[in-house]
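Asker: Quick one, structure for this:
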Amino acid sequence: MFDLWQRSDDIPFWVQLFLLGFVLIGIAPFFQKIFSRIDEYLQDLKKMGKPDSHVSETMESGAEATSETSADSEHLNEYEYIVFRRLATAGKKGLSLRAIADGLHMGKPRVEKGLQSLADKGLVDSVGRLLFFRRYYLTSRGHEYALEQGFIVRLHRTGSR
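Answerer: From the prediction side, this is the model:
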């Protein structure tokens, strides 16, 4: 088998330098994306305890009050209601934390807190795909609750066309 590095003396230095630069330029976007995701993740961890300025205090106190109640209660506070509705309208494929937060114009830590509360109630579940990527979707109980609330429309087929 031909070994490129053994016979690198046959290739001029400027060609080797060009190939090295070509490879580094090609993989640079990959590393930029990875580093930006890690940076976002670390910033989200720092923000975890800080409240968002655009979310009202009533929503915050409602989220805390509901998390203190039993997990069997399907009564959702305003904040959980907003997150649940966004997830219900997304369909069966589910959404990532980032997609939910961006769609609702809320911070990721706050959305994550609501998703955790919904998961404790058995309405939402998540699947981890890659290192920092989770997808949230409705459980069967959550799907039934969304049908009851009218977030999802149940279609009935008729026999005639």
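Asker: What is the subsequent helix or strand relative to the least confident helix or strand in the chain by mean pLDDT?
Answerer: Between all helices and strands in the chain, the lowest mean by mean pLDDT, DSSP states H and E belongs to helix 57-68, at a mean of 45. If you walk from helix 57-68 toward the C-terminus, the next helix or strand you reach (DSSP states H and E) is helix 78-89.
Asker: which of the residues in that next one are buried?
Answerer: Going by neighbour count (16 or more other CB atoms under 10 Å), the buried part of helix 78-89 is 79, 80, 81, 82, 83, 84, 85, 86, 87, 88. C-beta: built from backbone N, CA, C; applies to glycine.
Asker: How much space separates residue 106 from residue 125?
Answerer: Residue 106 sits 21 Å away from residue 125, going by CB to CB, to the nearest Å.
Asker: ignore the last one, residue 14
Answerer: The span separating residue 14 from residue 125 equals 56 Å under the rule CB to CB.
Asker: So the two - more neighbours on which side?
Answerer: Just comparing residue 14 and residue 125: by other CB atoms under 10 Å the higher neighbour count belongs to residue 125, 17 against 8.
Asker: mind checking pLDDT for the more buried one?
Answerer: Reading off the per-residue confidence, residue 125 sits at a pLDDT of 88.
Asker: quick one on the thing from earlier: what's the farthest-apart pair in the buried residues of helix 78-89?
Answerer: In the buried residues of helix 78-89, the most distant members under the criterion CB to CB are 79 and 88, with 15.0 Å between them.
Asker: Tell me if I am right that residue 137 is in a strand.
Answerer: Yes. Looking at residue 137 with DSSP: H, G, I helix; E, B strand; the rest coil, it is inside a strand.
Asker: Which pLDDT value belongs to the residue nearest to it when sequence neighbours are not counted?
Answerer: Closest residue in space to residue 137, ignoring its immediate chain neighbours: residue 94 at 3.2 Å, by CB to CB, 6 or more residues apart in numbering. According to the predicted model, the pLDDT of residue 94 comes to 86.
Asker: burial count for residue 94?
Answerer: Residue 94: 18 surrounding residues under other CB under 10 Å.
Asker: from now on call the first residue 260
Answerer: Taking 260 as the first residue, the last one we looked at is residue 353.
Asker: which stretches of this protein have low pLDDT?
Answerer: 260-268, 303, 306-333, 388-391, 415-416, 418-420 (pLDDT under 70).
Asker: All set now, cheers.
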